[in-house]
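Colleague: Provide a 3D model corresponding to the input given below.
(chains A and B)
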2 protein chains.
Amino acid sequence: MSIVVVGSVGIDTIETPFGREERVLGGSASYFSLAACNFTDIHMVSSVGEDFPREYYDLLVLKGINTEGVAEEKGETFRWEGKYDYDMKDPETVSVTLGVLGSFDPIVPKNLRGADYLFLANTAPEVQMKVLEQMSSPRIVACDTMNFWIENRPDKLKELLAKVHVLIINDSEARQLSEESMMAKAAKKIIDMGPEFLIVKRGEYGALLFSREELFFAPSYMLERVLDPTGAGDTFAGGFMGYMASHSEKPNFASFKKAVAYGSVLASFTVENFSVKGLCSLGEEQIEQRYREFLKLLAI
Amino acid sequence: MSIVVVGSVGIDTIETPFGREERVLGGSASYFSLAACNFTDIHMVSSVGEDFPREYYDLLVLKGINTEGVAEEKGETFRWEGKYDYDMKDPETVSVTLGVLGSFDPIVPKNLRGADYLFLANTAPEVQMKVLEQMSSPRIVACDTMNFWIENRPDKLKELLAKVHVLIINDSEARQLSEESMMAKAAKKIIDMGPEFLIVKRGEYGALLFSREELFFAPSYMLERVLDPTGAGDTFAGGFMGYMASHSEKPNFASFKKAVAYGSVLASFTVENFSVKGLCSLGEEQIEQRYREFLKLLAI
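Modeller: This next block holds a predicted model:
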């Protein structure tokens, strides 16, 4: 089954203690799609400016990603420059140019509105809702959000959460959204808001998958180097949704657990290299090998 | 098989955002023993002052703990007052009185020197070494240490590490000891220093078990409340060693994984209540039930 992802496509400049890369491909929809394309058909809905490099289109298309829903608008592509310290968390934003994303009003092409899987990457909840309303009846809708929307659009966000199946956020966002410090309580409150499943990303500590009744504790794949953590969360979501869309006739907790494992595996390739480089040359055998190693981490 | 633990016994005053308890039983050997006693015979080697409350002896003895090696010296018992903030990590030390622990020179009673399992709780590495030298030939020696000894006694610590089988430390200590930021590399370097097994405690994120060839990622049991994190690490070590001593004829990675799981389970009872309260009324059925729930967290 195919996936529609609505999110950003951008041009990043990233500095970490281990290097600097200028004007590389970035954006939530890019990372998500380059992960999900390993499993199933993926359709991007986004917006870029006239300056968007041809080679980045080519890269996406070469990986079989459908970019028909990426509108080219007058103006600049979204640009972000970020700098990471040694902790490799919470980058400092050196500069940001919203460009065409400043007026992003996503239109899902008509032929994609019947897709079974929809991922709403982080953006204003009212924009996410507008996308959701364009779809006919997706089987699984997952979304991301961030502290800014939790603080500034709590009502709109809660309207959206009542309509999604899966929320994928990090642990501080889960605490903030629920106003609970203990994750077990936070998860219950969030599931009461609507999503049947909650995935809490915890960076190097892995991820937690909650349903109302069940819990799974996914490790992160153990790496010897991390060069650039940018896009890890969106890659995780792409691996997760990609696995679900390609393997799960009847989504249940068991298939969600495997999907979370694939999300972790895909994210491990992203952070090993700058920008989307770690995802570009990835093949099925590499993914499966890391998945098998991942299972070993859990075997008791 | 029986265990000898050498560590502190003290009187704590603990304040967290959720309450305050004064003059309660504390110390690494207390937590360790109250966890390990659920599995096997446990012998404490420590030192207390003349002021050590009779009721705390009674509590330990009631749980079947052998306190013959706890010397009562002239002077005060070790006292610590700590205060936790909402993050429930890294307590501020409000006051500390070393008392008789200031001149702690542990003597292992002769009849205990043949014990098969030895746990060296956190103290100066030269003191840990002196204890080790008193033992005839323990099958498994595990030890803890802390940042202060890593910084101030690196050579003594390395002499000790060459002689222990298991090192149990937290993640920042593992990074500091190895001078590596990535845990996969840190673990390799530490195992090169001597210990066959390294356990890295990560608080609410669980624990990692490393051997030279293998890796296990243990979750932490998911709690709805944490009242007092004091003693979690020593409880973990007690559950771990207790399981090993009672179940493992030939220690291997498979038995170490189960032991780590029991360590996590025992620690979860400690942090749910102040001081050692969570361990005092614990029975086999409660432990086994939590262990089964722990396994579910990992099942994929």
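
Colleague: okay, CA-based contacts and neighbour counts for the rest of this
Modeller: Fine.

Colleague: tell me how far the helix or strand encompassing residue A:141 lies from the chain's centre.
Modeller: Using DSSP states H and E, residue A:141 sits within strand A:140-143. Relative to its parent chain, strand A:140-143 has a centroid offset of 11 Å by Cα atoms, centre = their mean, to the nearest Å.

Colleague: so which residue is dead centre in chain A?
Modeller: residue A:234 (2.3 Å; Cα atoms, centre = their mean).

Colleague: that one against residue A:34, yeah?
Modeller: No. Applying Cα atoms under 8 Å, one finds residue A:234 not in contact with residue A:34, separated by 9.8 Å.

Colleague: quick one, what contacts the residue nearest to the centre of chain A?
Modeller: Residue A:234 is in contact with A:28-29, A:31-32, A:121, counting by Cα atoms under 8 Å, 6 or more residues apart in numbering or on different chains.

Colleague: please tell me how far it sits from residue A:36.
Modeller: Plainly put, residue A:234 is 10 Å away from residue A:36 if you go by Cα to Cα, to the nearest Å.

Colleague: cool, residue A:284 as well?
Modeller: 12 Å.

Colleague: can you check residue A:283 too?
Modeller: Going from residue A:283 to residue A:36 by Cα to Cα gives 12 Å.

Colleague: go on, residue A:299?
Modeller: For residue A:299, the distance to residue A:36 - Cα to Cα - is 26 Å.

Colleague: please say which of these two ends up with more neighbours.
Modeller: Shown here are residue A:299 and residue A:36; by other Cα atoms under 10 Å in any protein chain shown, residue A:36 has more neighbours (32 against 16).

Colleague: how about the residues of the stretch 51-200 of chain A by chain B?
Modeller: Neighbours of chain B within the stretch 51-200 of chain A, by Cα under 8 Å from any Cα of the partner chain: A:182-185.

Colleague: any low-confidence regions in chain A?
Modeller: Judged against pLDDT under 70, chain A has no low-scoring part.

Colleague: returning to what we had before: what's the next secondary structure element after the strand holding residue A:141?
Modeller: Defined by DSSP H and E, the subsequent element after strand A:140-143 is helix A:147-152.

Colleague: that next one: which residues count as buried?
Modeller: Of the residues in helix A:147-152, A:149-150 count as buried by neighbour count, 16 or more other Cα atoms under 10 Å in any protein chain shown.

Colleague: roughly how far out does that helix sit from the chain middle?
Modeller: For helix A:147-152 - counting by Cα atoms, centre = their mean - the centre lies 18 Å from the chain centre.

Colleague: now the strands for the stretch 101-250 of chain A?
Modeller: Assigned by DSSP state E, counting those that start in this stretch, the strands in the stretch 101-250 of chain A fall at A:117-120, A:140-143, A:166-170, A:197-201, A:207-210, A:215-218.

Colleague: can you pull the contacts of residue A:163?
Modeller: Applying Cα under 8 Å, 6+ apart, the residues near residue A:163 are A:194-195.

Colleague: okay, now the sheet partners of the strand holding residue A:141, with direction.
Modeller: Take DSSP bridges as the rule and strand A:140-143 pairs in its sheet with strand A:117-120 (parallel), strand A:166-170 (parallel).

Colleague: out of those, deepest packed?
Modeller: Highest mean neighbour count of these: strand A:117-120, a mean of 26 (counted as mean count of other Cα atoms under 10 Å in any protein chain shown).

Colleague: ok now that one, how far from the chain's centre?
Modeller: That offset, for strand A:117-120, works out to 10 Å (Cα atoms, centre = their mean).

Colleague: other residues contacting stretch A:44-59?
Modeller: Outside stretch A:44-59, the residues that reach it (Cα under 8 Å, 6+ apart) are A:4-11, A:25, A:29, A:33, A:65-78, A:99-101, A:104, A:106-108.

Colleague: and the residue in the stretch 51-200 of chain A that chain B sits nearest to, how many neighbours?
Modeller: Using Cα to the nearest Cα, the single residue of the stretch 51-200 of chain A nearest to chain B is residue A:184, 5.4 Å away. Using other Cα under 10 Å, residue A:184 has 15 neighbouring residues.

Colleague: equivalent analysis for residue A:75, please.
Modeller: Residue A:75: 14 neighbours (other Cα under 10 Å).

Colleague: that one contacts residue A:97, correct?
Modeller: No. Between residue A:75 and residue A:97 there is no contact, the gap being 10.9 Å when judged by Cα under 8 Å.

Colleague: for stretch A:132-141, measure first residue to last.
Modeller: 8 Å.

Colleague: ok, and what's touching it?
Modeller: Stretch A:132-141 is contacted from outside by A:107-108, A:113-120, A:164-166, using Cα under 8 Å, 6+ apart.

Colleague: circling back to that earlier point, of the strands paired with strand A:140-143, which is nearest residue A:247?
Modeller: strand A:117-120 (12.3 Å; Cα to Cα).
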